[in-house]
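Enquirer: Build the 3D model from these lines:
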Amino acid sequence: MDELSGGVVDKVDPESAAFINASGLAKVSPIGMGLYRIEPVGKVGSVRTASVQLEVRPKDRLGLSRLLFLLSYAGEQGFGEHLVEAAEHPDLWSALAESLSQLADRALSRGVLQGYLTVEESLRRVKGRIRISDQISRRPGMMVPLEVSYDEFTEDIAENRILRAALERMGQVPGVRPDVLSRLRQLKGKLDAVTRLQSGAPLPPWRASRMNARYHAVLRLAEVILRNASAEAGVGKQQTASFVVDMGQVFEEFVGTALRSAMSAYPGEMRLQYGAILNEAVRDSDRLTVRPDAVHFLGGRPVVVYDTKYKAASDAGASVSADHYQLLAYCTALRVPTAWLVYAGPGEIKLRRILNTDIDIVEYPLDLSRPPSEILAALADLAEQSWGEVVRQAVADLPGQDG
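Expert: Below you'll find the model as predicted:
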């Protein structure tokens, strides 16, 4: 179903209904005679059990490759469009599994990546360097064993741990095609010497470099899978899987990250999720605060504000008036003359001049159905236009200028 749809009525077994509700992807309510009403709740993704597969797709029928592009860029990792070689299968799980298989096979085609791992051990001989503070605190007055740390060249590095975890997770998804499942298991077998990540543990950090370049694409997909998907034995030991994302949050993070990168070409700095005080108050408890998605500063002073809305005014449940009230409050609190409202969808740029004020609010559409290169070009255009408005306003404020 589409994320903006009113839902459907269908037969669902109670165990699957409970799992879908727990996943957060949709609300499943019994209406009698074994039927349930299934309604989207603002998330997109897929839930699969032994008897049910539910998919809630982004508005405008965005495909998996576009969703992965937004997810990865929001994580400041930046897929190139050519790296997201996700076959657009009829269901999300098949596309994810096939994409992971292809990218992992390419990454491991020249063997398992090796790198240096810092190891801390207690030894009876010196190896690497002695950790003096640990030696004194743990073994005061003792010469052996020694607390040492050294670098070991090994396959057991963060990149391989992340890749192994993603291959394992996708291999547990019910209904994956046998040939793809076989490939996932074969690829995971090449990493059997790598430490298995504990369930729920944070992903180990890694840094993109020339040495691990062949892993970049698969690691970015692997992180998306590990952060947004789960697969496990559920009720009755049946396999269940869920991949759930909040498109509003993804859109906000994507625009913030990409816009900050585009605005780096101009003077000043951009701050995301900037908090400002809206009213005068004697007590802290009486203060009202606002938090626009992005504010650009010049010389320590805010000069332009941006806010994102995944739901455009034409979408069900969206309110153009409420959005503009919010942006008017941002401009007033920050003493900024112009605010840019970035919303997801096609359309034309609209300028709205607020009566009895010097405040302009500009609606800027961002069509997510376009290729990634064009989406980023549109945000670069937004940066150029908004900076041009800052310059125009600065000139108008010069002494002797009449605006």
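Enquirer: which residues does Ala344 contact?
Expert: Lys59, Phe251, Lys309, Tyr310, Lys311, Ala312, Pro365, Leu366, Leu368 (Cβ atoms under 8 Å, 6 or more residues apart in numbering). For glycine as for every other residue, the C-beta is placed from the backbone atoms N, C-alpha and C.
Enquirer: no, scratch that, I was asking about Leu259
Expert: Contacts of Leu259 by Cβ under 8 Å, 6+ apart are Met270, Ala294, Tyr306, Val342, Leu379, Leu382, Ala383.
Enquirer: circling back to that earlier point, lowest pLDDT pick from the contacts of Ala344?
Expert: Of all the contacts of Ala344, Ala312 has the smallest pLDDT value, namely 62.
Enquirer: Check the residue of the chain most remote from its centre and give its pLDDT.
Expert: Distance from the C-alpha centroid of the chain, by Cα atoms, centre = their mean, peaks at Gly141 (50.7 Å). Per-residue confidence (pLDDT) for Gly141: 70.
Enquirer: Helix or strand next in line after the one helix or strand in the chain whose mean pLDDT sits lowest, which one?
Expert: Every helix and strand of the chain was ranked by mean pLDDT, DSSP states H and E. The lowest is strand 229-233, at a mean of 69. Next along the chain after strand 229-233, taking DSSP states H and E as the criterion, comes strand 239-246.
Enquirer: Surely the residue farthest from the centre of the chain is in a strand?
Expert: No: Gly141: not assigned to a strand; according to DSSP: H, G, I helix; E, B strand; the rest coil it is coil.
Enquirer: Now it, what are its backbone angles?
Expert: Main-chain dihedrals, Gly141, degrees, to the nearest 10: phi 80, psi 0.
Enquirer: show me where pLDDT drops low in the stretch 251-400 of the chain?
Expert: Residues of the stretch 251-400 of the chain that meet the criterion pLDDT under 70 lie in 281-282, 312-319, 400.
Enquirer: And the strands in it, which stretches?
Expert: Taking DSSP state E, counting those that start in this stretch as the test, the strands found in the stretch 251-400 of the chain are 269-272, 276-277, 289-290, 294-298, 301-309, 338-344, 350-353, 360-366.
Enquirer: What lies in contact with the second one?
Expert: Under the criterion Cβ under 8 Å, 6+ apart, residues Arg287, Leu288, Thr289, Val290, Arg291, Pro292, Val295, Tyr330, Ala333, Leu334 lie in contact with strand 276-277.
Enquirer: what do you get for the longest one?
Expert: By Cβ under 8 Å, 6+ apart, the surrounding residues in contact with strand 301-309 are 251-252, 255-256, 259, 268, 274, 292-297, 318, 323, 326-327, 330-331, 334-336, 338-344, 386-387, 389-390, 393.
Enquirer: ok, back up a step: can you name the two of the contacts of Leu259 that are farthest apart?
Expert: Met270 and Val342 (13.4 Å; Cβ to Cβ).
Enquirer: picking up where we left off before, buried members of the contacts of Leu259 into ChimeraX, please.
Expert: Of these, the buried ones can be selected in ChimeraX as follows, counting by 16 or more other Cβ atoms under 10 Å:
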select :270,294,306,342,379,382,383
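Enquirer: out of the contacts of Leu259, which one sits closest to Tyr215?
Expert: Leu379 (27.4 Å).
Enquirer: can you list contacts of the longest helix seen in the chain?
Expert: Determined from DSSP state H, the single longest helix within the chain is helix 372-396. The contact list for helix 372-396 (Cβ under 8 Å, 6+ apart) reads 66, 69, 79-81, 84, 255, 258-259, 262-263, 265-266, 296, 298, 303-304, 306, 337-338, 340, 342, 360, 364, 366-368, 370, 401, 403.
Enquirer: roughly how far out does stretch 272-283 sit from the chain middle?
Expert: Relative to its parent chain, stretch 272-283 has a centroid offset of 27 Å by Cα atoms, centre = their mean, to the nearest Å.
Enquirer: In the contacts of strand 276-277, find the pair that's most separated.
Expert: It's Arg287 and Val295 that sit farthest apart of the contacts of strand 276-277, by Cβ to Cβ, at 18.4 Å.
Enquirer: And these two? Which one has more around it.
Expert: More neighbours surround Val295 than the other of Arg287 and Val295, with 24 against 12 (other Cβ atoms under 10 Å).
Enquirer: which ones are touching the more buried one?
Expert: By Cβ under 8 Å, 6+ apart, Val295 lies in contact with Met270, Arg271, Tyr274, Ala276, Pro302, Val304, Val305, Tyr306, Leu334, Val336.
Enquirer: let's go with 10 Å and repeat that
Expert: 269-276, 302-307, 330, 334, 336, 339 (Cβ atoms under 10 Å, 6 or more residues apart in numbering).
Enquirer: Repeat that for Glu55.
Expert: Counted by Cβ under 10 Å, 6+ apart, Glu55 has contacts 1-2, 25-26, 44-48, 90-93, 243.
Enquirer: Mind listing the strands whichever helix or strand it is part of pairs with, and their directions?
Expert: Following DSSP H and E, the helix or strand that holds Glu55 is strand 53-56. Partner strands and pairing direction for strand 53-56 (DSSP bridges) are strand 43-48 (antiparallel).
Enquirer: now the angle from the partner strand to strand 239-246?
Expert: 180 degrees (axes from the mean of the first three to the mean of the last three Cα atoms, to 10 degrees).
Enquirer: circling back to that earlier point, ok, the contacts of strand 276-277 vs Asn21, which is closest?
Expert: The closest of the contacts of strand 276-277, once distances to Asn21 are taken by Cβ to Cβ, is Arg291, at 30.1 Å.
Enquirer: Could you pull up phi and psi at that closest one?
Expert: Backbone torsions for Arg291, taken as degrees, to the nearest 10, come to phi -140, psi 80.
Enquirer: Excluding chain neighbours, give the residue nearest to it in space.
Expert: Gly275 (5.0 Å; Cβ to Cβ, 6 or more residues apart in numbering).
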